[in-house]
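Peer 1: Fold the following and give me the result.
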Amino acid sequence: YDDTATRDAAGSFGTTQRLDGSLEAVVERPRLATTGERPVRAAPGTPVQIFTLTLTNTGSTPVDAVPWSFPVAVGGGEPVVPVFDDSLGVPMETFPTIAPGESASLDVAFSAAHDTELAVRVFATTTPDHYVEFTD
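Peer 2: Next up is the predicted model:
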């Protein structure tokens, strides 16, 4: 995460935003949860916000979507710690290659109180100084 990165576009949770020439993204509103017995990067019982990120390949060739697998959440201008928890359906995983016309979804969780307003920034590692932001 680099706070000098450029925001290329912004939209509300649940709306579609273009990431590049062939990928569109949607980040759904957060689901509130509490970590289970064996979370990674958080203690058991930590409040988290879970977001579903869906990418759609609108192009004519397959897209290796791994670079878009690592969104960043920001609360109060500071990055929020990502959390992985199999019991919440948020394992450590990445996007697959997405065929033309197909979509793939990934749940991502961040350690944040349930009343914290978060913005989710979707970066590509191919251009890590640019992002698309989703907020309420």
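Peer 1: burial of Pro82, as a residue count?
Peer 2: 19 (other CB atoms under 10 Å). Placement of C-beta: from N, CA and C, glycine included.
Peer 1: Look at the residue positioned nearest the centre of the chain and report its pLDDT.
Peer 2: The centroid of the chain falls nearest to Pro71 when counting by CA atoms, centre = their mean (3.8 Å). pLDDT recorded at Pro71 is 95.
Peer 1: The residue nearest to it when sequence neighbours are not counted: neighbour count?
Peer 2: In space, Pro71 comes closest to Val122 once its chain neighbours are excluded; the distance is 4.8 Å by CB to CB, 6 or more residues apart in numbering. Counted by other CB under 10 Å, the residues lying close to Val122 total 25.
Peer 1: got the residue ranges for the helices in this protein?
Peer 2: Ranges of helices in the chain, per DSSP state H: none exist.
Peer 1: Surely Ser69 and Phe95 touch.
Peer 2: Yes: with contact defined as CB atoms under 8 Å, Ser69 and Phe95 form a contacting pair (4.8 Å).
Peer 1: got a list of contacts for stretch 103-115?
Peer 2: Residues outside stretch 103-115 that contact it (CB atoms under 8 Å, 6 or more residues apart in numbering) are 32-33, 41-42, 46-57, 65, 69, 71, 73, 75, 80-85, 88-90, 93-96, 98, 118, 120.
Peer 1: Quick check: neighbours of the helix or strand of the chain with the lowest mean pLDDT in the sheet, parallel or antiparallel?
Peer 2: For the chain, scoring each helix and strand by mean pLDDT, DSSP states H and E identifies strand 127-135 as the least confident one, at a mean of 90. Partners of strand 127-135 in the sheet, by DSSP bridges, are strand 6-12 (parallel), strand 119-124 (antiparallel).
Peer 1: Please identify the most buried of these.
Peer 2: Neighbour counts (mean count of other CB atoms under 10 Å) averaged over each of the strands paired with strand 127-135 peak at strand 119-124, with a mean of 21.
Peer 1: Much appreciated, bye for now.
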